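# model the following, please.
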Amino acid sequence: MQPNAAALLLLSALAVDATLPNILMVVIDDLGYDDMGYKALQPQIKTPNVDAFAHEGTILDQYYVQPSCSPTRTTILSGRYPLHTGIDSFIPVGQPWGLAQNETTLADMLLAGGYATHAIGKWHAGMYSYKVTPTFRGFQSFYGFYNGGEDYFTHLAGDQGYDMRRDVGLKCGKNCSHIETEADGKYSTILFSQEAVKVVEAHDVSQPLFLYLAYQAVHAPDQAPDSYVEPYKNLGGNRAIYGGMLACMDEGFGNVTAAMKAKNMMDNTILIFTADNGGPTETCAVQGSSNWPLRGSKCSIWEGGTRASAFLWTGPSVTQGQVEKGTTFQNLMHCADWMPTISTLTGIPCPTCFPWDGVKQWDALTKGGTPARDNIYYGITDEQVGNHGPAMRVGCYKLIIGDGGKPGGWHPPPNGTCGDSCQAVEVFDHPSFSVEETPLPPNPNGTMLLFDLCSDPDEHAPLEHNSTTSPIIQSIHNRILNMWQTASTSCPQFQCEGRAPNGCKGGRPIEINGRMVWEPWCE
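Sure, this is the predicted structure:
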């Protein structure tokens, strides 16, 4: 199915509803579950600007994302699980993967509905062709980097290629996209905050704004200006630098929301704050984050890799509904839910979208309505930690086929030790729970771990297989197998090259004006 361009044009021709709220979506990269001041068990890092909005909004306590960056970002943009987009793992530098060009994105939908759309920061949803970069995916401008990680100051990504772009206008590709050499030597978190302020200041308030602000912070490498690290030197090691990284992000966030307040925009704004995965405490570009007391790390399908820090805030003039201030939302929610939820609250349909995996959460969030979902489909681990899973949670019960991803322990809390609480012997040494890589598709005869997350949210004690638990295991297992039958066939798991044009192979930086630069290579 190809997008219906005529339908999108018809939508964009409709009169813009003057009451539509602005949407500020802030994505933090590799944020630990226990790092933000508003939810840390024993706060170490000061994040007053973010905390203020979290306390005045609703904290999403049972909110899930994918185990790593590209899968979560493409899920947010499409409303669809990696099982269906084919983006099950991070997109390695220079690889021809990306969100399929026939997927209608959240930005496409909002642009067609009359929004101004701007993206800032980390993209990591494909760059083999300009056709998968932001301004070809519904954003009217982009300032940031296409790859998944780089030096915060030099902006050198893999193979020492420079990656910082300024793309102005829809479909800003070759001979339009500007290599932002002016950013060289400047700290990306500050640059992205400053750019967001500029977008707000230049915005015509007669039109609703969708600003997608995806910070590089707090992804590795451990880098921050000394002035931000200094207050956290007592934390020591990479936790001190991490504190500076997070504090700088919080300051920038405060500057952006202050700019929106100065233009009287914030009162009619919906603010979505979300991590893209758990903190990399064990694997996948380890830095100073903490997921305590949850088990596991980024790239895993343990709770520490997938249960994320997030909240929703609504301004007092948002007429479509309000979240109750100072509350905690206990219903299950997934990052795939943002697109259908935003469609509901704005009244903007998406006739060109593939079927969403996300569900509409707006009534539950603002009216305390019936829970919108009874399950979370975690999918599989990022390939950096092997092929494990899939997993699914139904109500309180979580079933993992195989293993949640090695090493799968509990990283000690940042201010102490955890003793026996950090040991995973009950899984890794117990003969009935031998851990092996799971053949895909799911092997019905493989190891299966069942946890009751209501009584054991930190996954310390897998339930024994007995007459009580066997029907639960079988029921969830059947749902996983049924889900697996719907997997993308054009891009099988771990073979996402099928999303690139025929003959498109891996890319490398090229020399432009004496500088090695990352440039889309399959045009």
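
# wait, residue 136 sits on residue 127?
No: if you go by Cβ atoms under 8 Å, residue 136 and residue 127 don't touch, sitting 10.9 Å apart. From N, CA and C alone the C-beta is placed, and that goes for glycine too.

# which of those two has more neighbours?
More crowded of residue 136 and residue 127, by other Cβ atoms under 10 Å: residue 127, with 29 against 20.

# by contact count, what packs against the lengthiest helix in the chain?
Taking DSSP state H as the criterion, the chain has its longest helix at helix 237-262. Applying 3 or more Cβ pairs under 8 Å, 6 or more residues apart in numbering; DSSP states H and E, we find helix 237-262 packed against strand 22-28, helix 48-56, helix 188-202, helix 226-229.

# just give me how far the third one sits from the chain centre.
To tie it back to what came earlier, the one meant is helix 188-202. With Cα atoms, centre = their mean, to the nearest Å as the basis, helix 188-202 stands 20 Å off its chain's centre.

# now do that helix and strand 22-28, the angle between them.
Here helix 188-202 runs at an angle of 180 degrees relative to strand 22-28 (axes from the mean of the first three to the mean of the last three Cα atoms, to 10 degrees).

# next, the buried residues of stretch 509-523.
In terms of neighbour count (16 or more other Cβ atoms under 10 Å), stretch 509-523 has its buried residues at 509, 517-522.

# what's the neighbour count on the nearest residue in space to residue 51 that is not next to it in sequence?
Here the nearest residue to residue 51 in space, its sequence neighbours aside, is residue 38; by Cβ to Cβ, 6 or more residues apart in numbering that works out to 4.2 Å. Applying other Cβ under 10 Å, we find 18 residues neighbouring residue 38.

# kindly report the same for residue 418.
Count around residue 418 with other Cβ under 10 Å applied: 14.

# number the residues from 660 up from this point.
That works, and once the first residue is 660, the last one we named lands at residue 1077.

# what about the residue lying closest to it once chain neighbours are set aside, how many residues nearby?
Using Cβ to Cβ, 6+ apart and skipping the chain neighbours, the partner closest in space to residue 1077 is residue 1071 (4.8 Å). For residue 1071, the neighbour count with other Cβ under 10 Å is 15.

# how much space between residue 1071 and residue 737?
The spacing between residue 1071 and residue 737, counted by Cβ to Cβ, to the nearest Å, is 37 Å.

# grab the most central residue of the protein for me.
residue 935 (2.6 Å; Cα atoms, centre = their mean).

# now do the contacts for that residue.
Taking Cβ atoms under 8 Å, 6 or more residues apart in numbering, we find residue 935 in contact with 686-690, 724-725, 727-728, 731-732, 873, 967.

# find the nearest non-adjacent residue to it, please.
residue 731 (4.3 Å).

# if we can go back for a sec, could the helices and strands packed on helix 896-921 be laid out in CSV, adding mean pLDDT, distance to residue 894 and mean neighbour count?
Listed next are the helices and strands packed on helix 896-921 as CSV, based on pLDDT from 0 to 100; distance: least, Cβ to Cβ, whole Å; neighbours: other Cβ atoms under 10 Å:
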stretch, mean pLDDT, distance to residue 894, mean neighbour count
strand 681-687, 98, 19, 24
helix 707-715, 98, 18, 18
helix 847-861, 98, 19, 20
helix 885-888, 98, 10, 15
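
# grab the nearest non-local neighbour of residue 972.
For residue 972, ignoring the flanking residues on the chain, the nearest one in space by Cβ to Cβ, 6+ apart is residue 716 at 3.3 Å.

# pLDDT at the one you found, what is it?
We have a pLDDT of 98 for residue 716.

# return the distance of it relative to residue 781.
Residue 716 sits 24 Å away from residue 781, going by Cβ to Cβ.

# next: residue 839.
Distance from residue 839 to residue 781, by Cβ to Cβ: 14 Å.

# of these two, which one has the most company?
Taking other Cβ under 10 Å, residue 839 and residue 781 do not tie; residue 781 has more neighbours (25 against 20).

# so the more buried one makes contact with residue 807?
Yes: the pair residue 781 / residue 807 is scored as a contact, 7.2 Å apart, by Cβ under 8 Å.

# joint contacts of those two?
Applying Cβ under 8 Å, 6+ apart, one finds that residue 781 and residue 807 are jointly contacted by residue 728.

# hang on, the earlier thing: wasn't the residue nearest to residue 1077 part of a helix?
No: counting by DSSP: H, G, I helix; E, B strand; the rest coil, one finds residue 1071 to be coil, located in no helix.

# per-residue pLDDT, it?
pLDDT, residue 1071: 84.

# quick one: low-confidence parts of the stretch 860-1009 of the chain?
Judged against pLDDT under 70, the stretch 860-1009 of the chain has no low-scoring part.

# what about the strands in it?
Applying DSSP state E, counting those that start in this stretch to the stretch 860-1009 of the chain gives strands spanning 868-873, 928-934, 969-973, 986-988, 992-993.

# for those, which one sits closest to residue 1075?
strand 928-934 (23.1 Å; Cβ to Cβ).

# sorry, back to before: how close does the residue nearest to residue 1077 sit to residue 940?
Remark: distance between residue 1071 and residue 940 (Cβ to Cβ) = 9 Å.

# now do residue 884
24 Å.

# try residue 779
27 Å.

# compare neighbour counts for the two and give me the winner.
Ranked by neighbour count (other Cβ under 10 Å), residue 779 and residue 940 place residue 940 first, with 29 against 25.

# ok so, going back, the residue nearest to residue 710 should be in a helix, yeah?
No: looking at residue 697 with three-state DSSP, it is coil, so not inside a helix.

# got the contact list for it?
Applying Cβ under 8 Å, 6+ apart, we find residue 697 in contact with 706, 709-710, 713-714, 718, 970.

# follow-up on the earlier one: can you check which of the helices and strands packed on helix 896-921 gets nearest to residue 1045?
Residue 1045 lies closest to strand 681-687 among those, at 26.1 Å (Cβ to Cβ).

# what lines up beside the closest one in the sheet?
strand 868-873 (parallel), strand 928-934 (parallel) (DSSP bridges).

# okay, and the residue of the chain positioned farthest from its centre sits in which element?
Going by Cα atoms, centre = their mean, the residue of the chain most distant from its centre is residue 1126, 38.4 Å out. Applying DSSP states H and E as the criterion places residue 1126 outside every helix and strand.

# what's it in contact with, if anything?
If you count contacts by Cβ under 8 Å, 6+ apart, residue 1126 has none.

# residue 948 too?
Listed by Cβ under 8 Å, 6+ apart, the contact set of residue 948 reads 689-691, 694, 877, 901, 937-940.

# can you lay out the strands paired with strand 681-687 as JSON lines showing mean neighbour count and distance to residue 1057?
Shown next, in JSON lines, are the strands paired with strand 681-687 (neighbours: other Cβ atoms under 10 Å; distance: least, Cβ to Cβ, whole Å):
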{"stretch": "strand 868-873", "mean neighbour count": "25", "distance to residue 1057": "28"}
{"stretch": "strand 928-934", "mean neighbour count": "24", "distance to residue 1057": "19"}
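
# make TSV out of those strands and add distance to residue 833.
TSV is the format used below for the strands paired with strand 681-687 (distance: least, Cβ to Cβ, whole Å):
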stretch	distance to residue 833
strand 868-873	23
strand 928-934	32
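
# looking at these, spot the one closest to residue 1000.
Evaluated with Cβ to Cβ, the strands paired with strand 681-687 place strand 928-934 nearest to residue 1000, the distance being 9.3 Å.

# quick check: angle from the closest one to helix 707-715?
Using the same axes, to 10 degrees: strand 928-934 against helix 707-715 is 110 degrees.

# what about residue 776, how many residues nearby?
By other Cβ under 10 Å, neighbour count at residue 776 equals 27.

# ok, the one helix or strand it maps to: who's next to it in the sheet?
Here residue 776, judged by DSSP H and E, is contained in strand 775-781. Using DSSP bridges, the strands paired with strand 775-781 are strand 800-804 (parallel), strand 868-873 (parallel).
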